[in-house]
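Participant: Task: produce atomic coordinates for the following.
(2 chains)
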Amino acid sequence: MFKNNVKLHHIIMALNMVTRRALALTLQQLSRQQTAAAASTLSKIGNREVVGFGFNGSPAYVDRVDFPMPAVRFREDTPDVQVLREKEMGDWKKLTLEEKKALYRASFCQTFAEMTAPSGEWKSVLGVTLILSSLAVWIYLWMKVFVYSPLPETLKPEYQEAQLKRMIDLRANPVEGTSSQWDYSKGDWK
Amino acid sequence: MFRSALTRVSHVARSSMLDTSARVPAATVSRNMSKHSTETDAELDARYEAYFSRPDIDGWEIRKAMNDLCGMDLVPEPKIVIAALKACRRNNDFALAVRFLEAVKEKCGGRVKEIYPYILQEINPTLQELGINTPEELGYDKPELALASVYE
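Facilitator: Next comes the predicted model:
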């Protein structure tokens, strides 16, 4: 940190006047943009108390299991919450269960159990996937009936038998294939 | 020339000094060439317990330390939990204490049935003393309220 600042100082001194002025103006703009961004986030939280760093430094409320303490309280500071806060400064054993739960809900939106509760989304995902798949199968069936031409004649059983007989007569694949299974002396399959 | 350079150096030195005061005090780490920390478990425990036990700790600092602790791959030791609960008491924040207990239970991961009862057993005296309820006692171990969908 110390060395970097001294180096930076040397660099800035070495620049000429024009570049130094341009650099100063850009830095001013940057800082104005940063404060504007911070101000716009802050203006969205209303009367809520900023209580911490949160997950990235901006005063936003998000329920996250990996960042359990958000940057702002969930509910705004209203008079009934103020009353609870007064009681909170005293002995906590004197708070009723309802008051304790109200204090929790004032600072936080969802409990961990609610955050991590299963949503059942998998059922809708599975259901929609299966519906779309069945639609695809219906489309194929329609194509088979209305679009595809009929199968060639040569795929009929009689034609296939004639083709097989021709293969055997030609001794096709006599070592390990079709003709090796045919017994030529018997005139039948081995 | 030397005098002006000296004033500049002292300004920078002062600003860098002021930066370090607000940070969590570092453990006894001399110089690391890699990002791998050489801090032992005991040192980490001691560091966080000392940080939470600071008498003038701020709500902001408690939450930052808790978030950092929950970001690490470990379940906090009971003594750190006790120090954090006492810090919540000093700051008069009951909800924060309950939230931290929920976060500790979440950190137990798959072995929650072995680890969480042990932690509760160790911190029970502090819970009784400060009047903090566990999330189970408040009924927050099961979901209580549902979040309205933003799509309806």
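
Participant: near chain B, which residues of chain A?
Facilitator: For chain A, the contact set with chain B under C-beta under 8 Å from any C-beta of the partner chain comprises A:1-2, A:5-6, A:9, A:51-55, A:65-69, A:85, A:88-89, A:91-95, A:97, A:100-101, A:103-104, A:106-114, A:116-117. To be clear about C-beta, it is placed using only N, CA and C from the backbone, and glycine gets the same treatment.

Participant: for chain B, what spans make up the helices?
Facilitator: Applying DSSP state H to chain B gives helices spanning B:2-20, B:41-52, B:59-71, B:78-90, B:94-107, B:112-130.

Participant: pLDDT averaged over the fourth one, what's the number?
Facilitator: So the one you mean is helix B:78-90. Helix B:78-90 shows a mean pLDDT of 96.

Participant: Verify the contact between A:A172 and A:S179 for me.
Facilitator: Yes. Using C-beta atoms under 8 Å, A:A172 is in contact with A:S179, at 5.6 Å.

Participant: Neighbour count for these two, which is higher?
Facilitator: Applying other C-beta atoms under 10 Å in any protein chain shown to A:A172 and A:S179 shows that A:S179 carries more neighbours, namely 16 against 13.

Participant: quick revisit: mind giving me CSV with the helices of chain B and columns for mean neighbour count?
Facilitator: Shown next, in CSV, are the helices of chain B (neighbours: other C-beta atoms under 10 Å in any protein chain shown):
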stretch, mean neighbour count
helix B:2-20, 11
helix B:41-52, 17
helix B:59-71, 20
helix B:78-90, 21
helix B:94-107, 24
helix B:112-130, 14
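
Participant: now for the ones you listed, which one comes closest to A:W122?
Facilitator: A:W122 sits nearest to helix B:94-107 of all the helices of chain B, at 21.8 Å, using C-beta to C-beta.

Participant: and the closest one with helix B:112-130, angle?
Facilitator: 160 degrees (axes from the mean of the first three to the mean of the last three C-alpha atoms, to 10 degrees).

Participant: mind saving the C-alpha coords of helix B:94-107 as CSV?
Facilitator: Coordinates of the C-alpha atoms in helix B:94-107 are reproduced here as CSV (Å, rounded to 0.1, in the frame of the first residue of the first chain):
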residue,chain,number,x,y,z
PHE,B,94,-32.2,-11.3,19.7
ALA,B,95,-33.1,-12.1,16.1
LEU,B,96,-29.4,-12.2,15.1
ALA,B,97,-28.6,-14.7,17.8
VAL,B,98,-31.4,-17.1,16.6
ARG,B,99,-30.3,-16.6,13.0
PHE,B,100,-26.7,-17.5,13.9
LEU,B,101,-27.9,-20.7,15.5
GLU,B,102,-29.8,-21.6,12.4
ALA,B,103,-26.7,-20.8,10.3
VAL,B,104,-24.5,-23.1,12.6
LYS,B,105,-27.0,-25.9,12.1
GLU,B,106,-26.8,-25.4,8.3
LYS,B,107,-23.0,-25.5,8.5
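
Participant: how far off helix B:59-71 does it point, in degrees?
Facilitator: Using the same axes, to 10 degrees: helix B:94-107 against helix B:59-71 is 10 degrees.

Participant: Who are the packing partners of helix B:94-107?
Facilitator: When contacts are defined as 3 or more C-beta pairs under 8 Å, 6 or more residues apart in numbering or on different chains; DSSP states H and E, helix B:94-107 sits against helix A:97-107, helix A:112-115, helix B:59-71, helix B:78-90, helix B:112-130.

Participant: now these as JSON lines including distance to A:L25?
Facilitator: Conversion of these to JSON lines gives the following (distance: least, C-beta to C-beta, whole Å):
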{"stretch": "helix A:97-107", "distance to A:L25": "43"}
{"stretch": "helix A:112-115", "distance to A:L25": "46"}
{"stretch": "helix B:59-71", "distance to A:L25": "34"}
{"stretch": "helix B:78-90", "distance to A:L25": "45"}
{"stretch": "helix B:112-130", "distance to A:L25": "55"}
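
Participant: Select, out of the ones you listed, the one closest to B:E106.
Facilitator: Comparing the helices and strands packed on helix B:94-107 by C-beta to C-beta, helix A:112-115 comes nearest, at 5.7 Å.
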